[in-house]
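> Just the structure for this:
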Amino acid sequence: MNQKNRLTLYILLALVLGVVLGYAINVSAPNPAAFAEYMSLVTTLFLRLIKMIIAPLVFSTLVVGIAKMGDAKEVGRIGAKALGWFVLASIMSLSLGLILVNLFRPGDAMVAHLPPAGAVSGIVTSSLTLKEFVTHLVPSSIVDGMAKNEILQIVIFSLFFGTAAAAVGARANPMIEAIDGVAHVMLKVTGYVMNLAPIAVLAAVSGIIAKSGIGILSTYGIFMGEFYIAIGVLWVALTIAGFLFLGPRVFALLREVREPTILAFSTASSEAAFPKTLEGLERFGVRNRIAAFVLPIGYSFNLDGSMMYCTFATVFIAQAYGIEMSLSTQLTMMLVLMLTSKGMAGVPRASLVVIAATLGQFNIPEAGLLLLLGIDHFLDMARSATNVIGNAIATAVVAKWEGELSDPGAVEPATSPLK
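Sure, this is the predicted structure:
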């Protein structure tokens, strides 16, 4: 068994052990909340280690990729193709969410569990206006953007930096080689951090089960089950879309990103899976300059699972409060979510902020979010894994369009020098 498969196995075992341990603590320990608090420290440390990697990895790989393209027109062409796919995937995700939530109507079963309409969810909804989003695109300081792990801001700066480096020509080559070296070092650091993933998964799952009990899965079982069915339908739709462009190789791609998908599912953070997704795409045959360019942009513009959840959860809350939304209102909401969902960080509970803002715009009680807070971790697991799948397929398709998708036997592994 190679190292990649061994780590995947360990993560799966940690997931199962986490459920068993969490249940045992919940039914036998005098203070399971304290155990959950200690476990959250382990999870937090792991996620902070991941965030420590993200900024230098995105910056270095993206700058090197753009600089080696050498042509601003080429950058613009690839970016336009990526954004075109992202828009189509967003429409598909949001539409599927609307169709399936209206078909399943999970909110009808939650009337008995409704919180008072005036209750406060505690979710801060500021900074989600169009003006705030547009001004947030450009960092006032790249150091500040990196310190806060603002992926979209890092991408914007890297686009300018890489394009300028390509325009300078030979004089920038030593600097590009140095940044290329940074990318290699960060990939090695990624390997070190990922060895801790099974421990983090065990801590995350056992902590949430210990605190909330296994019963939380049955109390909201109908809603969770129907949402997972919806996610499954989205996976099938994304795979079919990928098959149309990649053919049978799309299944090989899904195998290559199996490990980061499981990691995203276990930690409820698609951001945690970013480094491994990048490696998996390179093993699949996507040239590094394409993967390093498209994948970071996808983390801001192509969160398919999160977007489906936004429409699914918003209409679910409206149903629970007996608010019937007309087709035109739901389509308007979908267009609003097309804008407000862009730039969502791939971190836990980012979707709740977008949903909270959307509820206010359509006069749906914000207190309905309290229906979701207890189970949001389990819902986030599904949408985070979906974000990884969606971005992997998007990147591979763009590489195919650009003629930059080679046979995996002809490319070097991700830990080799970037090409």
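> where in the stretch 201-350 of the chain is pLDDT low?
Within the stretch 201-350 of the chain, the stretches with pLDDT under 70 are 215-219, 339-350.
> Apart from its chain neighbours, what residue comes closest to residue 95?
Spatial nearest neighbour of residue 95, excluding adjacent residues (CB to CB, 6 or more residues apart in numbering): residue 334 at 7.0 Å. Where C-beta positions appear, they are placed from N, C-alpha and C, glycine not excepted.
> I figured that neighbour was touching residue 98, is that so?
Yes - if you go by CB atoms under 8 Å, residue 334 and residue 98 touch, sitting 6.3 Å apart.
> The helix or strand hosting residue 76 - contacts with which helices or strands?
Following DSSP states H and E, one finds residue 76 within helix 72-104. Judged by 3 or more CB pairs under 8 Å, 6 or more residues apart in numbering; DSSP states H and E, helix 72-104 is in contact with helix 32-69, helix 151-168, helix 221-246, helix 288-301, helix 304-320, helix 327-340, helix 376-401.
> So which bits of that helix are buried?
By neighbour count with 16 or more other CB atoms under 10 Å, helix 72-104 contains the buried residues 75, 78-79, 81-83, 85-86, 89-90, 92-98, 100-101, 104.
> picking that back up, common neighbours of residue 334 and residue 98, please.
Counting by CB atoms under 8 Å, 6 or more residues apart in numbering, the shared contacts of residue 334 and residue 98 are residue 311.
> Quick one, which of the helices and strands packed on helix 72-104 gets closest to residue 253.
Of all these, it is helix 376-401 that lies closest to residue 253, at 5.4 Å by CB to CB.
> In three-state terms, label residue 139 for me.
Of the three states, residue 139 takes coil according to DSSP: H, G, I helix; E, B strand; the rest coil.
> looking at it, residue 372 is touching residue 352, isn't it?
Yes - the pair residue 372 and residue 352 passes the contact test of CB under 8 Å, sitting 7.1 Å apart.
> separation between residue 106 and residue 208?
Residue 106 sits 21 Å away from residue 208, going by CB to CB, to the nearest Å.
> Low-confidence ranges, the stretch 51-200 of the chain, go.
Ranges of the stretch 51-200 of the chain meeting pLDDT under 70: 70-72, 110-134.
> The helix holding residue 76 relative to helix 151-168, how many degrees between them?
With axes from the mean of the first three to the mean of the last three CA atoms, to 10 degrees defining the directions, helix 72-104 sits at 160 degrees from helix 151-168.
> shift numbering so it begins at 36
With 36 as the first residue, the last one maps to helix 107-139.
> Tell me the gap between helix 107-139 and the middle of its chain.
On the basis of CA atoms, centre = their mean, to the nearest Å, helix 107-139 is displaced by 14 Å from the centre of the chain it belongs to.
> How about stretch 387-399?
20 Å.
> So for that stretch, what gets flagged as buried?
Result for stretch 387-399 [16+ other CB under 10 Å]: buried residues 387, 388, 389, 390, 391, 392, 393, 394, 397, 399.
> ok, now stretch 209-225?
Neighbour-count burial for stretch 209-225, counted by 16+ other CB under 10 Å, picks out 211, 214, 215, 217, 218, 221, 222, 224, 225.
> The helix or strand residue 310 falls within packs against which elements?
Here residue 310, judged by DSSP H and E, is contained in helix 309-319. Counting contacts by 3+ CB pairs under 8 Å, 6+ apart, helix 309-319 is packed against helix 67-104, helix 208-229, helix 284-291, helix 293-302, helix 323-336, helix 411-436.
> mind redoing it with 10 Å?
The contact analysis (3 or more CB pairs under 10 Å, 6 or more residues apart in numbering; DSSP states H and E) places helix 309-319 against helix 38-63, helix 67-104, helix 208-229, helix 284-291, helix 293-302, helix 323-336, helix 411-436.
> Same list, those, but as CSV with distance to residue 343 please.
Compiled in CSV, the helices and strands packed on helix 309-319 are given as follows (distance: least, CB to CB, whole Å):
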stretch, distance to residue 343
helix 38-63, 23
helix 67-104, 23
helix 208-229, 27
helix 284-291, 18
helix 293-302, 15
helix 323-336, 15
helix 411-436, 7
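> So for residue 180, which of these sits nearest?
For the helices and strands packed on helix 309-319, proximity to residue 180 was assessed by CB to CB; helix 67-104 is nearest, at 7.9 Å.
> For the closest one, list every residue counted as buried.
Using 16+ other CB under 10 Å as the test for burial, helix 67-104 gives 67, 70-71, 74, 77-78, 81-82, 84-86, 88-104.
> how much distance is there from it to the middle of the chain?
That offset, for helix 67-104, works out to 13 Å (CA atoms, centre = their mean).
> quick check: angle from it to helix 323-336?
Comparing the axes of helix 67-104 and helix 323-336 via the same axes, to 10 degrees yields an angle of 130 degrees.
> what's the span of stretch 220-237 from first residue to last?
28 Å (CA to CA, to the nearest Å).
> Relative to residue 427, which of the buried residues of stretch 387-399 is nearest.
Comparing the buried residues of stretch 387-399 against residue 427 with CB to CB places residue 389 closest, at 22.8 Å.
> isn't that closest one right up against residue 341?
Yes - assessed by CB atoms under 10 Å, residue 389 is found in contact with residue 341 at 7.9 Å.
> So which of the buried residues of stretch 387-399 are in strands?
With DSSP state E as the criterion, strands contain none of the buried residues of stretch 387-399.
> got these as CSV, with distance to residue 234 columns?
Formatted as CSV, these follow (distance: CB to CB, whole Å):
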residue, distance to residue 234
387, 27
388, 29
389, 31
390, 31
391, 33
392, 35
393, 36
394, 37
397, 42
399, 40
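> returning to what we had before: so which of the helices and strands packed on helix 107-139 gets nearest residue 296?
helix 411-436 (4.9 Å).
> thinking again about what came up before, rebuild the helices and strands packed on helix 107-139 as JSON lines, extending it with distance to residue 56.
Converted to JSON lines, the helices and strands packed on helix 107-139 look like this (distance: least, CB to CB, whole Å):
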{"stretch": "helix 67-104", "distance to residue 56": "9"}
{"stretch": "helix 186-203", "distance to residue 56": "33"}
{"stretch": "helix 256-281", "distance to residue 56": "21"}
{"stretch": "helix 323-336", "distance to residue 56": "31"}
{"stretch": "helix 339-355", "distance to residue 56": "27"}
{"stretch": "helix 362-375", "distance to residue 56": "37"}
{"stretch": "helix 411-436", "distance to residue 56": "16"}
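> Fine by me, thanks again.
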